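*Asks:* Got a predicted structure here, sequence first:
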Amino acid sequence: MRWWKPFADKEGVNLGNSLKTNKWKHIHFIGHSAGAAVIQTASLLIKENNTTTTVHTTFLDAYVGFTYKGRSKYGFKSDWSDSYFAQDPDTFDSLFSRTAGYLDYAYGVDVTWLEPNKKTVSVYRSVNGITGNIPCLYTVTTHGWPHEFYLKTIPPEMAIGAEGFGFPLSKEGGGWDLATKIYPVEVKSSYIKELGQRDSDCIALGESSVPTYSGQKVDLTQVQTVTSTTGIIQNNGNGLIITSGGKLRQQSIRRIKKEVATTSDSVWLSASIIVTNTANFISFDAQFLSVSAEGLFTMYWQTNTVGSVDERVVLSGLQHYTYALPTAITNNSYTLGFRLDSFSSAVSSVAITNVAFGFIGIREPFSLTVLGIDTNSSPVLSLTGPSGYNYRVESSTNLVDWTTTAVLVNTNGIVSFSDPSSTNTSRRFYRAVTP
């Protein structure tokens, strides 16, 4: 899912631009998963250009990402926002919280318990000794269920147990006034409305926060760089100032500099970076210096786009950005690229500082081993790894299709578990996954 962010923002800008000049009285955006970023970007454009338009944003199992920080963005500037989510093993986990849970600017509704085809996953916790670890059953559903739930609340459908939530709370559903008065959004409130009856008190959460490790900073004056023959690039050691348009650009390969006149609207820089510590994300601070311009700043890693910032919808002032790298990296040379495109006659300029690498997640090794067979002929396995986190165990019969078999709550470094369902197949493979 690392690819979704630049495209989601771009599509959001396209959507917002197509609607902002029509002077609509009311717009209701609905987005599922990564579509949440699309409607959030579009809604910001609408509110920025037309304060008389009321905007309602509905998020369905919104993908918040572990670096995008959508939890603190979705619903911002909307006149009212609601969020429907479910706990599913594929996109929800308590370590990175890619979906599920509250949004800072939306009224949150957990619809897990209404899913007619919901299932349970065994949750095992660390105990003293290997035997006697009795699991509890944790209810989960699918990433698509919140979308299906919302559709079922649109007449003539009628979702059992919906209690009036979903489509009926929209303006077109007749409940807009009720929604804004009865269900006000308390900014940054963690309150969640649960629909349906809990069929299990088993909770797989409770571990410590995500470990984040700061890595090396990048000094672009000390690395080999190649620039475009367009625009201006100022590289002063503290960071870059990139300016697009028909101006002089400065090309630098180490200490060789050259200026060339141009009329192009884009400018780029490519740098050869040696990374010594393990990293899986890159962060930086950026601020657009231009006024009334329409620039798009894009960061590249090798040949991949890892993130972009659109001047038309970005907040003013210096902002901090964190983007996931395609894979974890270490001890090698890589290519880091910056590009600024301008989509209007106005010159666009952006300052980039504090470029640095880092690592988020469990960095220490962990292992999954088979201990033997229990009295029911089920395999008994044990995970050893850093304590304080939840691990997910997946199983497969063909090494291609994997399903979640158990959640391991590791509180003391070791968690043992058994898999009774394995007796239904001739062979089964297991792997432990960190979120």
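*Replies:* Perfect, thanks for sending it. Residues are numbered from 1 along each chain as shown.
*Asks:* nearest residue to Thr434 other than its sequence neighbours?
*Replies:* Of all residues not flanking Thr434 in the chain, Ile362 sits nearest, at 4.7 Å (Cβ to Cβ, 6 or more residues apart in numbering). Glycine gets a C-beta too; all of them are placed from N, C-alpha and C.
*Asks:* part of a strand, is the one you found?
*Replies:* No. Counting by DSSP: H, G, I helix; E, B strand; the rest coil, Ile362 is located in no strand; its state is coil.
*Asks:* That one and Ile46, how far apart?
*Replies:* Distance from Ile362 to Ile46, counting by Cβ to Cβ, to the nearest Å: 41 Å.
*Asks:* Settle it for me: which of those two has more neighbours?
*Replies:* Neighbour count, other Cβ atoms under 10 Å: between Ile362 and Ile46, Ile46 has more, with 24 against 17.
*Asks:* and Ser382, what does it touch?
*Replies:* Listed by Cβ atoms under 8 Å, 6 or more residues apart in numbering, the contact set of Ser382 reads Ile130, Leu368, Thr369, Leu371, Ile414, Val415, Ser416, Phe417.
*Asks:* one step back: does the residue nearest to Thr434 touch Ala432 like I think?
*Replies:* No. Assessed by Cβ atoms under 8 Å, Ile362 is found out of contact with Ala432, at 10.6 Å.
*Asks:* May I have the helix or strand hosting Asp9 exported as CSV, CA atoms only?
*Replies:* Element membership for Asp9 (DSSP states H and E) is helix 4-20. Taking C-alpha atoms only, helix 4-20 is exported to CSV below (Å, rounded to 0.1, in the frame of the first residue of the first chain):
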residue,chain,number,x,y,z
TRP,A,4,-1.3,4.8,-2.8
LYS,A,5,-0.5,8.2,-1.2
PRO,A,6,0.8,10.2,-4.2
PHE,A,7,-2.0,9.0,-6.4
ALA,A,8,-4.7,9.5,-3.8
ASP,A,9,-3.6,13.1,-3.3
LYS,A,10,-3.4,13.7,-7.1
GLU,A,11,-6.9,12.3,-7.7
GLY,A,12,-8.2,14.3,-4.7
VAL,A,13,-6.9,17.5,-6.3
ASN,A,14,-8.5,16.6,-9.7
LEU,A,15,-11.8,15.9,-7.9
GLY,A,16,-11.7,19.1,-5.9
ASN,A,17,-10.7,21.2,-8.8
SER,A,18,-13.6,19.8,-10.9
LEU,A,19,-16.1,20.7,-8.1
LYS,A,20,-14.8,23.9,-6.5
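*Asks:* Toward the C-terminus, what is the element adjacent to it?
*Replies:* Per DSSP H and E, the first helix or strand lying C-terminal to helix 4-20 is strand 26-32.
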